[in-house]
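*Asks:* Provided below are the primary sequence and the corresponding predicted coordinates.
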Amino acid sequence: MIHWLFAASTGAAEHGTEHAAAPAVPEVPNLVTFLIEFTKGTHLAHYLHFWENIIFSWAVLLILGAVVYFGLRKKKLIPSGLQNVVEMAFEALDNVVCGVMGHRGRHYSPFIATLFLYIFLMNMSGLVPGLKSSTSNLNVTLGMAITVFCYVQITGLRELGPLGYLHHMAGSPHDTIGWAMSVLMFPLHVMEELIKPISLSLRLFGNILGEDALIGVFVLLGVACTNLMFGSGFELAAALRHEAHVSIPIGLPLQVPFMLLALLTGTIQALVFSLLSTIYIFMMLPHEEHH
């Protein structure tokens, strides 16, 4: 049962006639994990496993959209309640963006603020029982990084124009030496732009996956310690499937200190992703705006 506790949530549980190998990274089960377990052997289990991270990322997106909608639906001159929370959050993030980019930052702060809140909530969702951090999946983080990449390039083309964009990618040469070096600078800048989304996605993915793995390991250790001291877990009838009793592992909450640490590191990772995105946009603006 302890093996299933982590294997089912990462695809090691049996789906249909296939049985995957044990997962390399421990993971605490979530609501989709249990749905997969109760529907295994069906097409629904396969689709749930395939779309698991998308389900949780969309759930966070819908929650964030609902909070903003209901918070700003009936705006008042003197905010209160949910409107006050929403406005405080966006004002604080707007100040951060404008502190980096100056007065031009007000135009880009809605994108950066949305990006931060979305990543932050996905990072925190993994600490809620039954939910999962979608940012522990490389596909999700890479998708957001590619979105930032496209936004930065579109911003550069809009603000600089096609010729100005190419001039910027060539290192903004203004003299003979600069133009001579542009042959070398252009491919280097192209490589730099292509590497940015890779570094953004890998940094966020690696940190959140590490947090989830650490929490999973200590959940497993707490269950193992309890089993050593008190024997196997409690027995609970699987009434929904009318099958034999299943062992429900109960363990010491050894993961709690690391969950508190994940509150800090998850916030930092969302801030790092957002600040780097802000800097990438800022670097693409016309040079006369930099000072």
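*Replies:* Arrived safely, thanks for sending. It should be emphasised that the depicted structure is a prediction, and the values quoted were computed from it without experimental measurement.
*Asks:* For the stretch 151-291 of the chain, give me the ranges with low pLDDT.
*Replies:* 230-249, 287-291 (pLDDT under 70).
*Asks:* what about 50?
*Replies:* Low-confidence regions of the stretch 151-291 of the chain, defined here as pLDDT under 50, cover residues 233-246, 289-291.
*Asks:* As a check, name the ranges of all strands in it.
*Replies:* With DSSP state E, counting those that start in this stretch, the ranges of strands along the stretch 151-291 of the chain come out as 234-236, 246-248.
*Asks:* gap between E159 and F282?
*Replies:* When distance is defined by C-beta to C-beta, to the nearest Å, E159 is 11 Å away from F282. In short, each C-beta sits where N, CA and C put it, glycine included.
*Asks:* Between the two, which has more neighbouring residues?
*Replies:* Applying other C-beta atoms under 10 Å to E159 and F282 shows that F282 carries more neighbours, namely 19 against 16.
*Asks:* what's the spacing between that one and H103?
*Replies:* For F282, the distance to H103 under the criterion C-beta to C-beta works out to 12 Å.
*Asks:* Now do the host helix or strand of S57: which elements does it pack against?
*Replies:* Here S57 sits within helix 52-72, counting by DSSP states H and E. In terms of contacts (3 or more C-beta pairs under 8 Å, 6 or more residues apart in numbering; DSSP states H and E), helix 52-72 is packed against helix 31-38, helix 81-101, helix 105-125, helix 138-169.
*Asks:* Let me have those in TSV, extended by distance to I177.
*Replies:* Written out in TSV, the entries for those read as follows (distance: least, C-beta to C-beta, whole Å):
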stretch	distance to I177
helix 31-38	59
helix 81-101	30
helix 105-125	33
helix 138-169	16
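*Asks:* closest one to R203 among those helices?
*Replies:* Of all these, helix 138-169 sits nearest to R203, with 8.4 Å by C-beta to C-beta.
*Asks:* Does that closest one pack against any helices or strands, and if so which?
*Replies:* helix 52-72, helix 105-125, helix 176-230, helix 256-284.
*Asks:* Buried ones in the last one, by neighbour count?
*Replies:* Meaning helix 256-284. Buried positions in helix 256-284, judged by neighbour count with 16 or more other C-beta atoms under 10 Å: 258-259, 262, 266, 269-270, 273-274, 276-278, 280-282, 284.
*Asks:* circling back to that earlier point, mind listing residues that contact the helix holding S57?
*Replies:* Among residues not part of helix 52-72, those counted as contacts by C-beta atoms under 8 Å, 6 or more residues apart in numbering are 30, 32, 36, 48, 81-83, 85-87, 117-118, 121-122, 125, 131-134, 137, 139-140.
*Asks:* switch the cut-off to 6 Å
*Replies:* When contacts are defined by C-beta atoms under 6 Å, 6 or more residues apart in numbering, helix 52-72 is touched by residues 32, 82-83, 86, 117, 121-122, 125, 132, 134, 137, 140.
*Asks:* ok, now stretch 83-97?
*Replies:* Defining contact as C-beta under 6 Å, 6+ apart, one finds that stretch 83-97 is touched by 68, 71, 79, 105, 109, 112-113, 116, 278.
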